[in-house]
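Engineer: sequence? don't have it. structure:
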């Protein structure tokens, strides 16, 4: 895959700055690892707003990040319990971000990580229930667009402040996987969404990052529920042969991209291209 790299952006930052960081789907898996690593790489005076549906998991994460062994001192962590498919969730997230924000912050970082696999036990011809499809797209596409737009409106461009938007993408945004119509459609739509955003907002740094096959609950679901036998076997074999990645391995590559800051805004970059 061709790398999307430019050389006219100042590379190799030491940290993410004094930042307001918003991470969705932060209670477990890749999102939880992202929260831990982001907290470690921001300057004191930063704030981390973590969003997920599980309050217990978020509180556990908050305690961990506030512990002496994790993160940097002086980083506030605020939890927002929210289902992104619900309209009122966006307002609660934006309110929490405004409360956590300080004028001393020089970086706004939004990581759109929340997402679901959808029903992979069926083929395209079985999806005749419009409400079912609408529900998936609302949770995985519409909510992502509306949250991103809400954060950009709440924190407009101003001199001396960087704004970065990350979309956690997938190879499925580029390649079709039989019996994965919902997931592939959602990921492709999100990639295009952020390509358009990069065109419209040249001051933004926009990145779609495909983290690779991660050892998470989603991979277990893929191994056990995928209808297409060849796709299912590929995931089973990948797991059996130790070819899946840890969340920590993939997160390190994403942080490398963000710190080097030399990618073309709007690019889709796969972990194996970093």
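Structural biologist: That came through, no problem. Quantities reported herein were computed from a predicted structural model and do not represent experimental measurements. Residues are numbered from 1 along each chain as shown.
Engineer: Mind checking the pLDDT average for stretch 250-260?
Structural biologist: Stretch 250-260 carries an average pLDDT of 98.
Engineer: just how off-centre is that stretch within its chain?
Structural biologist: 13 Å (C-alpha atoms, centre = their mean, to the nearest Å).
Engineer: Make 238 the first number, not 1, from now on.
Structural biologist: Shifting the count to begin at 238 puts that one at stretch 487-497.
Engineer: Contacts for it, please.
Structural biologist: 248-253, 267, 270-271, 274-275, 278, 346, 401, 403, 444, 446, 448-449, 451, 500, 506, 508, 511 (C-beta atoms under 8 Å, 6 or more residues apart in numbering). In short, each C-beta sits where N, CA and C put it, glycine included.
Engineer: Buried members of these into PyMOL, please.
Structural biologist: In PyMOL, this line selects whichever of the contacts of stretch 487-497 come out buried by 16 or more other C-beta atoms under 10 Å:
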select buried, resi 253+267+270+271+274+275+278+346+401+403+444+446+448+449+451+500+506+508+511
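Engineer: Can you give me the pLDDT of residue 247?
Structural biologist: Looking at residue 247, its pLDDT is 50.
Engineer: ditto for residue 324
Structural biologist: 87.
Engineer: and the closest residue to residue 412 other than its chain neighbours, what is it in contact with?
Structural biologist: Distances taken as C-beta to C-beta, 6 or more residues apart in numbering place residue 421 nearest to residue 412, at 7.9 Å, with adjacent residues excluded. Applying C-beta under 8 Å, 6+ apart to residue 421 gives the contacts 409-410, 412-414.
Engineer: Which of these sits closest to residue 477?
Structural biologist: residue 414 (19.1 Å; C-beta to C-beta).
Engineer: residues near the closest one, how many?
Structural biologist: 20 (other C-beta atoms under 10 Å).
Engineer: Please report phi then psi for it.
Structural biologist: Dihedral pair for residue 414: phi -120, psi 120, per degrees, to the nearest 10.
Engineer: That one touches residue 465, doesn't it?
Structural biologist: Yes: between residue 414 and residue 465 there is a contact under C-beta atoms under 8 Å: 7.4 Å.
Engineer: Cheers, nothing more for now.
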